[in-house]
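Student: no sequence for this one, just the structure:
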């Protein structure tokens, strides 16, 4: 398999000489093309900082991050912005949809920025919407949608440009249990049926159980790793809970 993401011994510091906080401490791992990797850890562990560095929204203090062969830690601001537009897809906890645009228009925006022909935009959106079962809500505005529907529109928006890597930050955090399950089934479909490579930060063991591999972070370091393998999702969920307990987390917050 092709290595899509290589995180090479990165460190991230905040503050100045008198008060330095080390958010990431020599983190190193690879993600293969087509993997679905979850990142878990207690509050303040560094998991969101890690995702921000991979997503190019933050920079590392040392080390390198390679995505699809490009060293993103060496790119200049303009090249970095183009890389983010062309190679990355984002799913945020708070959806980040534009209220003045319909679901269709929110999805189309990334293709419009790329100056894709109108007929091609419509064809691509309807094809993906059919696969994600959101065709009936494309004409609606965000205020007319439930949280789960908004997040599935956001999934389509993240996938429409066929990015090398999709980054999801607590995607189920604002959803009820039914909506969360439907969203996770959509994300799983992106991964298993459409071949999307996904990295997802979550505090929730149920959400994490949809991934094929989990990296646990504590105090800025990788504490443990779980690979689902041939386990059922239920068995994998129980294994995740065991590690969360070792990390000192409150399992009441991850069920």
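Tutor: Received it, and whenever you're ready, just let me know what you need. Keep in mind that what you see is a predicted model, and the values were worked out from it rather than measured. Numbers count the residues shown, from 1 in each chain.
Student: SS state for residue 235?
Tutor: helix (DSSP: H, G, I helix; E, B strand; the rest coil).
Student: neighbours of it, just the number please.
Tutor: If you count neighbours by other CB atoms under 10 Å, residue 235 ends up with 13. (Each C-beta comes from the backbone N, C-alpha and C, glycine too.)
Student: what do you get for the one 5 residues further on?
Tutor: Here the number of neighbours of residue 240 (other CB under 10 Å) works out to 25.
Student: I'd assumed residue 210 was in contact with it.
Tutor: No. Contact between residue 240 and residue 210 fails when scored by CB atoms under 8 Å: they sit 10.8 Å apart.
Student: residues contacting residue 26?
Tutor: Residue 26 sits next to 9, 10, 11, 63, 221 when contact means CB atoms under 8 Å, 6 or more residues apart in numbering.
Student: wasn't it part of a strand?
Tutor: Yes. Residue 26: assigned to a strand according to three-state DSSP.
Student: how close does it get to residue 11?
Tutor: Note on residue 26: its distance to residue 11, by CB to CB, to the nearest Å, is 6 Å.
Student: quick check: neighbours shared by those two?
Tutor: By CB under 8 Å, 6+ apart, the residues touching both residue 26 and residue 11 are residue 63.
Student: need the distance between the two termini of stretch 169-179.
Tutor: Stretch 169-179 has an end-to-end distance of 16 Å (criterion: CA to CA, to the nearest Å).
Student: what is the mean pLDDT for it?
Tutor: For stretch 169-179, mean pLDDT is 88.
Student: kindly report the same for stretch 16-25.
Tutor: Mean pLDDT, computed over stretch 16-25, is 85.
Student: list the buried residues in that stretch.
Tutor: Neighbour-count burial for stretch 16-25, with 16 or more other CB atoms under 10 Å as criterion, is recorded at 22, 23, 24.
Student: residues contacting that stretch, please?
Tutor: 10-15, 46, 49-50, 53, 60, 219-221.
Student: show me the shaky parts of this protein.
Tutor: 248-255 (pLDDT under 70).
Student: which SSE is the nearest residue to residue 10 once chain neighbours are set aside in?
Tutor: Spatial nearest neighbour of residue 10, chain neighbours left out: residue 63 (3.3 Å); criterion: CB to CB, 6 or more residues apart in numbering. In this structure, residue 63 is located in strand 62-67 according to DSSP states H and E.
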